[in-house]
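# predicted model, plus sequence, below.
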Amino acid sequence: MKKIKFEPSRNLIVSLLAIVFGLLAGVILILVTGGNPFASYLYLFQGGLKNMERIGNTLATSTPLILTGLSVAFAFRTGLFNIGAAGQMLMGGFCATAIGLKVNLPGPILVPIMFLGALLGGAIWGSIPGLIKARFNVHEVVSSIMMNWISYWVVYYAVPAYLKGPFLETESGRLAESATLRAPWLSSLLNGSYLNYGLILAIGAAALTAFILDRTVMGYELKSVGFNRHAAEYAGIDVNRNIIQAMMIAGALAGLAGLTQYAGNATNLQIGVMPSQGFDGIAVSLLGMNSPWGVVASAVFFGLLYSGKGFMNAMTSTAPEIADTIIATIIYFAATSVMINRLLDRLKSRKGK
Amino acid sequence: MWEIIARIFPYAIAFTIPLLITALGGLFSERSGVVNIGLEGLMIVGSFTSAVVIRFLQPSLGTSAIYLALLAAMAAGALFSVLHAFACVNLNANQVISGTAINMIALALTVFLARNITGSGNITIKTGLIRFDVPILSQIPILGKLFFTQVYWSTPIVLFILLASWFVIEQTPFGLRLRACGENPHAADSMGINVYRMRYAGVLLSGAFAGLGGAIILVTYSGEFTGSVFGLGFLALASLIFGQWRPLGILGATFFFGLFSTIANVSQAIPQFAVIPGVILKVFPYIVTLAALVLSSKSSQAPRASGQPFEHGKR
């Protein structure tokens, strides 16, 4: 950690300032619409932290965000923009749900198979844009967006046709509790929170990603491609293989997000909804400075905002979308970090005088 | 078969037009060297603005509120795109990330405001544009049936903008300068062109056009602001690439999407299409786009400096 002394602290300050600006923008908006910002924020944070159950729910909300955030961050480090996390997540969740509903095995065997299914579904969905980027130089943003819509429609038609629940056309049947990541002991410990094994999975994935990126040859190569594709090629690194690899791993991580969302936090799959966690993953990754542990921290923060907004809406007149607005504003400030950096430089030089 | 085509065509055109105008906006932005992935969000802003204007002004102004709404949507889209231009042109931000932020802010902010206005977050308008048959022209055999029956008057306007865009980009000094900024900003800079100003122009035009696109969706076939434009902004972006950054190519690409989306939407009602599984019809345009991107990758006409920040005096 001490090796690069200046950079990380600067990044951290920029991220924290982005959060401050985002919260300030929220204050202004609440004032403009005639609300009380102090009470709104109080209830927003209370809603996410008030008791053990709410803390558990906040962490559960964060779980898929951690995984999609890791997915985007992993691709970022290789210089790729994975805007397809939503589709990969949906595909992963679909594979897991299909296995969970159709395969008849005891839970301890079934859940690992579902895990593999989610992993594979996401990985395949992610590797297609990677493949055509590597082979044909088609920009991954556009191809991932296409893949998002393809998965949306595949799930839209496949769920009613094969996995229909007993009542509604628009969702799959419910998974038995043994075929999910649900942990009854954890729920009863946290007074009925729906926190589940997904969180452990997400933390494990963060640790593994950090290990791959910082401690392995593969991670070194991936990052080299991200820093400078041409220099990496010149150094003998197979750039195309690394691009496919990065998108495949990013897809697998997003696929796991699908498992934690649809077979953990929820117990079935709704059709006609593009999971918002996919796009939020971009925000999470950016605020977390594309580092695995930064992703975990920012996902928990966003999870807090998301899980508290319902309580805030119930207690005040402030609309729940204030949470999304705050997050979006934070991302804009994180994207324009140059501005914050210039501001900091100016402050510093003034102090120097 | 002919009857089906004649029946589908007006719907396909109605679906194509907002896509076309938004993609044209994207064209100006990318030709100036700024990738605008925020088109989706800018469309939402346009849709929201026009819904608000119509809701508040229709009781007093009647149908002319719609004209005002379209203009207001363009203004709001342009204004909102300043955020993107500022990030990309002045601050050298990553254009894709800035665009993503634009999408997120637009979505969250408009639904937040809509909820304060109506309570539900949706804004319904009473009447939108009314379809009409063009006199005389609709009597032309075949063509009349396809192009001049059941039209919205927004359609000829957008087609006129298409022609004007082609003319401006390919035939005027402004267009040449704009393209130069997207191909080689440093060369443009050395010729005395203000790259910053040109890029601002490109992004603002994309904001205005996308805002108009969102408003057209509202006043033609949707009639309700719901905080979504159904991914059409991203589709417009894909059409832009599919159409190889040329106005006429974009027309072809957007019409392709419009036609196949319409076929997929009405397939259940038409026996000839009902035999094809719905999922294939829905997924077809996206797969064709992927295939087209792969096939055209060798001879991609993308503006060379698109997506790259420009710093005056870097060289």
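Thanks, I have the structure now. Values in this document were obtained by computation on a predicted structure and should not be read as measured data. Residues are numbered from 1 along each chain as shown, chains lettered A, B, ... in the order given.
# the helices in the stretch 201-315 of chain B, which residues?
B:232-242, B:247-266, B:271-274, B:278-296 (DSSP state H, counting those that start in this stretch).
# show me the longest helix that occurs in the chain.
Picking chain A for this. helix A:107-136 (DSSP state H).
# hmm, no, I was thinking of chain B.
Longest helix of chain B, by residue count under DSSP H: helix B:2-31.
# mind listing what's buried in that helix?
By neighbour count on 16 or more other Cβ atoms under 10 Å in any protein chain shown, the buried set for helix B:2-31 is B:8-31. For the C-beta atoms, the positions are set from N, CA and C on the backbone; glycine is no exception.
# so A:Ile322 makes contact with A:Ile30?
Yes: under the criterion of Cβ atoms under 8 Å, A:Ile322 makes contact with A:Ile30 at 6.5 Å.
# now for the two: what residues contact both?
A:Ser40 (Cβ atoms under 8 Å, 6 or more residues apart in numbering or on different chains).
# more neighbours, these two?
A:Ile322 (29 against 23; other Cβ atoms under 10 Å in any protein chain shown).
# which stretches in the stretch 51-200 of chain A count as strands?
Applying DSSP state E, counting those that start in this stretch to the stretch 51-200 of chain A gives no strands.
# where does the stretch 1-150 of chain B come near chain A, residue by residue?
Proximity of the stretch 1-150 of chain B to chain A, by Cβ under 8 Å from any Cβ of the partner chain, involves residues B:37, B:83, B:86-87, B:91-94, B:96-98, B:100-105, B:107-109, B:111-113, B:115-116, B:121.
# try 7 Å
Within the stretch 1-150 of chain B, the positions near chain A by Cβ under 7 Å from any Cβ of the partner chain are B:37, B:83, B:87, B:91-94, B:96-98, B:100-101, B:104-105, B:108-109, B:111-112, B:115-116.
# now the longest helix of chain B: how far from the chain's centre is it?
Here the centre of helix B:2-31 is set off from its chain's centre by 9 Å, with Cα atoms, centre = their mean, to the nearest Å.
# can you spell out which helices and strands pack onto the longest helix of chain A?
Secondary-structure packing of helix A:107-136 (3 or more Cβ pairs under 7 Å, 6 or more residues apart in numbering or on different chains; DSSP states H and E): helix A:85-102, helix A:140-162, helix A:239-260.
# got the angle for that helix vs helix A:239-260?
Computed with axes from the mean of the first three to the mean of the last three Cα atoms, to 10 degrees, the direction of helix A:107-136 lies at 150 degrees from that of helix A:239-260.
# and the strands in chain B?
Remark: strands assigned in chain B by DSSP state E are B:123-124, B:224-225.
# tell me which other helices or strands the first one touches.
Secondary-structure packing of strand B:123-124 (3+ Cβ pairs under 7 Å, 6+ apart): helix B:39-61, strand B:224-225.
# for the longest one, buried residues please.
Meaning helix B:39-61. B:39-55, B:57-58.
# how about residues contacting the least confident helix or strand in chain B by mean pLDDT?
Every helix and strand in chain B was compared by mean pLDDT, DSSP states H and E; the lowest is helix B:143-147, with a mean of 74. Defining contact as Cβ atoms under 7 Å, 6 or more residues apart in numbering or on different chains, one finds that helix B:143-147 is touched by B:6, B:9, B:137-138.
# at 10 Å what do you get?
B:2-3, B:5-10, B:12-13, B:133-134, B:136-140, B:155, B:159 (Cβ atoms under 10 Å, 6 or more residues apart in numbering or on different chains).
# before we move on, back to that, angle of the longest helix of chain B against helix B:39-61?
Using the same axes, to 10 degrees: helix B:2-31 against helix B:39-61 is 110 degrees.
# count the residues that sit near the closest residue to A:Leu259 other than its chain neighbours.
Excluding its sequence neighbours, the residue lying closest to A:Leu259 (Cβ to Cβ, 6 or more residues apart in numbering or on different chains) is A:Ala118, at 3.8 Å. The criterion is other Cβ under 10 Å. On that basis, A:Ala118 has 32 neighbouring residues.
# check contacts around A:Ala118.
A:67, A:88-89, A:91-97, A:99, A:252, A:254-263.
# ok, now A:Ile19?
A:Ile19 touches A:287, A:298, A:301, A:326-327, A:329-330, A:333-334, counting by Cβ under 10 Å, 6+ apart.
# now with 8 Å, please.
Applying Cβ under 8 Å, 6+ apart, the residues contacting A:Ile19 are A:287, A:301, A:330.
# in JSON lines: the residues you listed, plus secondary structure, distance to chain B and neighbour count.
JSON lines is the format used below for the contacts of A:Ile19 (DSSP: H, G, I helix; E, B strand; the rest coil; distance: Cβ to the nearest Cβ, whole Å; neighbours: other Cβ atoms under 10 Å in any protein chain shown):
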{"residue": "A:Leu287", "secondary structure": "helix", "distance to chain B": "11", "neighbour count": "27"}
{"residue": "A:Phe301", "secondary structure": "helix", "distance to chain B": "15", "neighbour count": "21"}
{"residue": "A:Ile330", "secondary structure": "helix", "distance to chain B": "9", "neighbour count": "29"}
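# count of neighbours near the residue nearest to B:Val279 when sequence neighbours are not counted?
Excluding the flanking residues, the one nearest B:Val279 by Cβ to Cβ, 6+ apart is A:Tyr157, at 3.8 Å. By other Cβ under 10 Å, 17 other residues sit near A:Tyr157.
# ok, A:Tyr157 to A:Asn313 distance?
According to Cβ to Cβ, to the nearest Å, A:Tyr157 and A:Asn313 sit 34 Å apart.
# okay, now the closest residue to B:Met43 other than its chain neighbours: neighbour count?
The shortest distance from B:Met43 to any non-neighbouring residue, by Cβ to Cβ, 6+ apart, is to B:Gly214 (3.5 Å). Applying other Cβ under 10 Å, we find 36 residues neighbouring B:Gly214.
# please apply the same query to A:Pro292.
25.
# from A:Pro64, how far out is it?
16 Å.
# next: B:Thr124.
Taking Cβ to Cβ, one finds B:Thr124 at 33 Å from A:Pro64.
# between those two, point out the one with more neighbours.
More neighbours surround A:Pro64 than the other of B:Thr124 and A:Pro64, with 32 against 15 (other Cβ under 10 Å).
# enumerate every residue touching that one.
Counting by Cβ under 8 Å, 6+ apart, A:Pro64 touches A:89, A:198, A:202, A:257-258, A:260-261, A:265, A:275, A:277.
# and for A:Phe311?
By Cβ under 8 Å, 6+ apart, the neighbours of A:Phe311 are A:43-44, A:46-48, A:50, A:54.
# buried subset of the residues you listed, written for PyMOL?
Buried residues among the contacts of A:Phe311 (16+ other Cβ under 10 Å), as a PyMOL selection:
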select buried, chain A and resi 43+44+47+48+54
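# restricted to helices, list the contacts of A:Phe311.
A:43-44, A:46-48, A:54.
# just give me the neighbour total for A:Val300.
19.
# for B:Ile217, same thing?
Using other Cβ under 10 Å, the number of residues around B:Ile217 comes to 27.
# so what's it closest to, chain neighbours aside?
B:Pro18 (4.7 Å).
# no further queries at this time; thank you.
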